[in-house]
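> My questions concern the predicted model and sequence given below.
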Amino acid sequence: MSRDNVYKPDTATVTDIQLEAGGGRPIRTMTFQVDDPAERKKFLHKPGQFIIISYFGTGESVFAISSLPNEDGIIQVSAMKVGNVTGRLHALAVGDKVGVRGPYGKDFPVDEWKGKNLVFIGAGIGISPVRAVYQYVLTPEQRKNYGDVTLIYGARTPADLAFKDEFKEMDTRDDLNLWLCIDWKFGPKGPIEGNAHTDWPAINMSAPGDTVIPEGVNKFTAFVPQLVEVVKPKPENAIVVTCGPPIAIKFITQALAKLGWSPDQVYTTLENRMKCGIGKCGRCNVGDNYVCKDGPVFTQKEISEMFDDQ
């Protein structure tokens, strides 16, 4: 990206809005298109990169790009309403304007993964950066370049699952293994055994790996790390891409380790508070690493080494 002022955003227009989840933690998927046709190709991104969106008069925030790469300046992000900027974005209507800067950051090395089996694991809104990668891999042009593809995703309730229509379509594909889960219901003493919702059978809570999977069933009552132990993805000639809340990633990587996965096979993204996007402000550094330009994509091995040096 080359501009006279790297901090000056381009304007973009909202072209579509989809409500993914309502309630107290609403999630919206918003599609924007860069207004200036001459600038659109500069926003050609790669899976894993991020964008900085400005709501004029309020501020700007970092968002993972969840749409396929394109030269038409079309950018799609999914955002949960949690603060001032996301609150403003949730109030947008089709035709409204925002500012956009980017794309920034290191992408997932999808070309290096050709010929490998791929496992995608998302928790909650963390499915957004994962989506850009599995969408790319599942395109007709790319699908033949990869082995088996497995997608594991979970959220608090069925209503909190993002991209519901997309998953319904995926469930009909014969070149994808799809597994979904919703969280256990909680009582005074913690999770309550039993189905959290109709048609979402509970796994074996005390020993997830011993769960007997009924024929034709691919959605369960479980936490995402437990579902990983149920599915048992094999590490041979394979890569994992996982994103979600830090606590979810901690237990997901522990579950993968039980199954024999090594840290250099597991890719994720860091979400340190990035501001400038180009490694100048220093807000996102971990030692000598700047998440905005050295990441946000890292292997679990790289992350462990970064924090061991602190």
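It's in.

> so where's the stretch 151-300 of the chain shaky on pLDDT?
Scanning the stretch 151-300 of the chain for pLDDT under 70 picks out 272-273.

> now the helices: where do they sit in it?
Applying DSSP state H, counting those that start in this stretch to the stretch 151-300 of the chain gives helices spanning 164-170, 224-231, 246-258, 291-294, 300-308.

> and among the ones you listed, the most buried is which?
helix 224-231 (a mean of 25; mean count of other CB atoms under 10 Å). Placement of C-beta: from N, CA and C, glycine included.

> same for that helix, what does it pack against?
When contacts are defined as 3 or more CB pairs under 8 Å, 6 or more residues apart in numbering; DSSP states H and E, helix 224-231 packs onto strand 117-123, strand 149-155, strand 177-182, helix 246-258.

> Run me through the strand neighbours of the first one, direction for each.
With DSSP bridges as the test, strand 117-123 is paired with strand 149-155 (parallel), strand 238-243 (parallel).

> Could you do the shortest one as well?
Each strand that pairs with strand 177-182, with its direction, by DSSP bridges: strand 149-155 (parallel), strand 219-221 (parallel).

> who touches it?
148-158, 160-161, 167, 170-171, 196-197, 200, 218-224, 226-227, 230-231 (CB atoms under 8 Å, 6 or more residues apart in numbering).

> That one vs helix 224-231, what angle?
With axes from the mean of the first three to the mean of the last three CA atoms, to 10 degrees defining the directions, strand 177-182 sits at 140 degrees from helix 224-231.

> Now strand 177-182 - C-alpha only, PDB.
The C-alpha coordinates for strand 177-182 follow below in PDB (Å, rounded to 0.1, in the frame of the first residue of the first chain):
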ATOM      1  CA  ASN A 177     -16.500 -32.300   7.700                       C
ATOM      2  CA  LEU A 178     -18.600 -29.900   9.700                       C
ATOM      3  CA  TRP A 179     -19.000 -30.100  13.500                       C
ATOM      4  CA  LEU A 180     -20.900 -27.600  15.700                       C
ATOM      5  CA  CYS A 181     -21.600 -27.200  19.400                       C
ATOM      6  CA  ILE A 182     -23.300 -24.900  21.900                       C
END
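
> how distant is it from the center of its chain?
15 Å (CA atoms, centre = their mean, to the nearest Å).

> that older thread, can you say which of the contacts of strand 177-182 are buried?
149-156, 158, 160-161, 167, 170, 196, 200, 219-224, 226-227, 230-231 (16 or more other CB atoms under 10 Å).

> Would you map the strands across the stretch 1-150 of the chain?
10-21, 27-34, 50-55, 59-64, 74-80, 97-104, 117-123, 149-155 (DSSP state E, counting those that start in this stretch).

> domain assignment for the chain?
10-104, 117-269 (automatic domain parsing).

> Adding distance to residue 286, write those out as CSV.
Converted to CSV, the domains of the chain look like this (distance: least, CB to CB, whole Å):
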stretch, distance to residue 286
domain 10-104, 16
domain 117-269, 13
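
> and residue 276, which of these is closest to it?
Proximity to residue 276 (CB to CB) singles out domain 10-104 among the domains of the chain, at 8.7 Å.
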